[in-house]
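J.: coords please:
(2 chains)
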Amino acid sequence: EAGVVQSPRYKIIEKKQPVAFWCNPISGHNTLYWYLQNLGQGPELLIRYENEEAVDDSQLPKDRFSAERLKGVDSTLKIQPAELGDSAVYLCASSLDAGTNSPLHFGNGTRLTVT
Amino acid sequence: GDSVTQMEGPVTLSEEAFLTINCTYTATGYPSLFWYVQYPGEGLQLLLKATKADDKGSNKGFEATYRKETTSFHLEKGSVQVSDSAVYFCALSGNEKLTFGTGTRLTIIP
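T.: This is a model prediction of the structure:
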């Protein structure tokens, strides 16, 4: 079984530039998550999708962050414009459903550096 | 809201030593509890879980018991190996949301 695939693995951009991250979840997983992980911290949820619907985006800074999962499979997370404080690892995860007993499977993440 | 407090690291142990990483939580209701591990250069992966009080999760020689009375889910292993060097995250699942602790970096020296 292929795992969650994220790209790019690393991204370096200058502040005020846009950036996008891509995630391909495990086949058949209906629930997709984007997490933010700052250095030395645990992951924090940005947004959760059930199929193509964003059901929890309360922690997503909507002034500069956006996400989509148009066909309920792949997803993209965008930042425009990026700020220095956005430097972090962006993790994508998927699960069969949102039930508490359905474990999350994580990708390797995209490490963003904003200069 | 829900929260997870983990033992601060880093933790350095010699090979074959006994390991305990403490984890306590605050949550409403009856969450499921998890330990995730992140090996160098890899993504987070589920290590073990427990879904109700007194359940014991186990995997790869690691164990953790869901203690409702002390709101704890401490991770233990009787004899660690160099390959166990990683960052360990305690997490709870409540209201369809996974809340993580800050992680504990473990280094095992030969």
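J.: what residues are up against residue B:104?
T.: Neighbouring residues of residue B:104 by CB atoms under 8 Å, 6 or more residues apart in numbering or on different chains: B:6-11, B:21, B:87-89. For glycine as for every other residue, the C-beta is placed from the backbone atoms N, C-alpha and C.
J.: who is the nearest residue to residue A:8 once chain neighbours are set aside paired with across the strands?
T.: Leaving aside its sequence neighbours, residue A:8 sits nearest to residue A:110 (CB to CB, 6 or more residues apart in numbering or on different chains; 6.0 Å). Applying DSSP bridges to residue A:110 yields these beta-bridge partners: residue A:90.
J.: do the one 4 residues further on as well
T.: Beta-bridge partners for residue A:114, by DSSP bridges, are residue A:13.
J.: before we move on, what about residue B:77?
T.: residue B:19, residue B:62.
J.: surely it is in contact with residue B:84?
T.: Yes: Residue B:77 is within contact range of residue B:84, at 7.0 Å (criterion: CB atoms under 8 Å).
J.: what touches both of these two?
T.: residue B:19.
J.: ok, back up a step: ok, the contacts of residue B:104 vs residue B:101, which is closest?
T.: Using CB to CB, residue B:6 comes nearest to residue B:101 of the contacts of residue B:104, at 3.6 Å.
J.: quick check: closest non-adjacent residue to that closest one.
T.: residue B:101 (3.6 Å).
J.: burial count for that neighbour?
T.: By the criterion of other CB atoms under 10 Å in any protein chain shown, residue B:101 has 26 neighbours.
J.: again, but for residue B:55
T.: 14.
J.: repeat for the one 3 residues further on
T.: Neighbouring residues of residue B:58 were enumerated by other CB under 10 Å; the total is 15.
J.: surely residue B:86 meets residue B:36?
T.: No: Residue B:86 is beyond contact range of residue B:36, at 9.8 Å (criterion: CB under 8 Å).
J.: pick out whichever of those two has more residues nearby.
T.: Shown here are residue B:86 and residue B:36; by other CB under 10 Å, residue B:36 has more neighbours (26 against 20).
J.: so how far is residue A:18 from residue A:11?
T.: As for residue A:11, its distance to residue A:18 is 11 Å (criterion: CB to CB, to the nearest Å).
J.: ok, residue A:57 next?
T.: On the measure of CB to CB, residue A:57 and residue A:18 end up 19 Å apart.
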